[in-house]
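Trainee: For reference, the sequence and a predicted model appear below.
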Amino acid sequence: MSFVGVLMRILETQDVFLILFYRSIGLSIMVLVFTCLRRKQSVKDFFNFLDTKDLIVGLCLAITFIFYVFAMVYTSVASALFIISAGPFLTAIISWFWINEKPKSITWLSMFIATVGVLIMLKNGNQTGNSFGNFCALVSALSFSIMLVYIRKSKKLDVLGGTFVGAVLCCVLGFLVTIFINKTINISIKDMWIIVCMGAFTLVWEFHL
């Protein structure tokens, strides 16, 4: 089980949008601080540096993050991570159709094996009542793959701005939905710190950004 999976299972709350809200706070702050230090620029310059490409990357990542949290809540961690691990093969297929990068023969074989595995997971999820969570994991992987191909096509080397935009979009969505449904964003202090740290420190481990 992944580190994030362990953290998800010890949370008192399983409210997806509440988790998304606090997780995105940690992620957005970490990305903002790290990027400003790395680029040696002010926060104002960071925002001035954002462009349309960052917005598109951010939208793709926002979808990735949202469905990732849904997957972690509504299916087993093993199933979610296995399906998400098929992301590179989805990327290869999208690259072929979008930017005409034909996969190698060994990649086709790997994609076939991965597809069979994903279909088995989806079938098992349907039998155990986890089909929604498995579907969310697949959407998360697909959105992330689309983002990777877009980055390659647009030749944008720095995706930190887009990551920040994605985190902010998730934070806003999580806040609005939580307030509309629950009328409050209150959670235990323990859960708050776990979720914030989850967003701040585990993104690299789960998605290799």
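Mentor: Arrived safely, thanks for sending. Numbering: from 1, shown residues only.

Trainee: quick one: contacts of whatever helix or strand Thr35 lives in?
Mentor: Per DSSP states H and E: Thr35 is located in helix 16-39. Helix 16-39 is contacted by residues 8, 11, 13, 42-43, 45-46, 49, 65-66, 69-70, 73, 160-161, 163-164, 167-168, 170-171, 173-175, 177-178, 181-182, 185, 187, 191-192, 195-201, 203 when judged by C-beta atoms under 8 Å, 6 or more residues apart in numbering. The way it works is simple: take the backbone N, C-alpha and C, and place the C-beta from them, glycine included.

Trainee: which of the residues you listed are buried?
Mentor: Buried members of the contacts of helix 16-39, scored by 16 or more other C-beta atoms under 10 Å, are 8, 11, 13, 46, 65-66, 69-70, 73, 160-161, 163-164, 167-168, 170-171, 173-175, 177-178, 187, 191-192, 195-196, 198-200, 203.

Trainee: The contacts of helix 16-39 in helices, which ones?
Mentor: 8, 43, 45-46, 49, 65-66, 69-70, 73, 160-161, 163-164, 167-168, 170-171, 173-175, 177-178, 181-182, 191-192, 195-201, 203 (DSSP state H).

Trainee: Quick check: buried residues in the host helix or strand of Phe82?
Mentor: In this structure, Phe82 is located in helix 77-84 according to DSSP H and E. By neighbour count on 16+ other C-beta under 10 Å, the buried set for helix 77-84 is 77, 79-84.

Trainee: Go through stretch 31-45 and flag the buried ones.
Mentor: Residues 31-32, 35-36 are the ones in stretch 31-45 that count as buried (16+ other C-beta under 10 Å).

Trainee: Only the C-alpha atoms, please, for it, written as CSV.
Mentor: Only the C-alpha atoms of stretch 31-45 are listed here, as CSV (Å, rounded to 0.1, in the frame of the first residue of the first chain):
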residue,chain,number,x,y,z
VAL,A,31,4.4,24.8,-5.3
LEU,A,32,4.3,28.5,-4.9
VAL,A,33,7.1,28.6,-2.4
PHE,A,34,9.2,26.1,-4.3
THR,A,35,8.7,27.8,-7.6
CYS,A,36,9.6,31.3,-6.3
LEU,A,37,12.7,29.9,-4.7
ARG,A,38,13.7,27.9,-7.8
ARG,A,39,13.1,30.8,-10.2
LYS,A,40,14.4,33.4,-7.7
GLN,A,41,11.4,35.6,-8.3
SER,A,42,8.8,37.3,-6.2
VAL,A,43,5.2,36.1,-5.8
LYS,A,44,4.0,38.9,-8.0
ASP,A,45,6.4,37.9,-10.7
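
Trainee: Now find how far off-centre it is within its chain.
Mentor: Relative to the centre of its chain, stretch 31-45 is centred 22 Å away, using C-alpha atoms, centre = their mean, to the nearest Å.

Trainee: and if you look at stretch 81-101?
Mentor: Centre-to-centre, stretch 81-101 and its host chain are 15 Å apart (C-alpha atoms, centre = their mean).

Trainee: Report the mean per-residue pLDDT for it.
Mentor: Stretch 81-101 shows a mean pLDDT of 84.

Trainee: Equivalent analysis for stretch 148-165, please.
Mentor: 90.

Trainee: and the end-to-end length of it?
Mentor: 16 Å (C-alpha to C-alpha, to the nearest Å).

Trainee: Mind listing what's buried along that stretch?
Mentor: 148-151, 156, 159-165.
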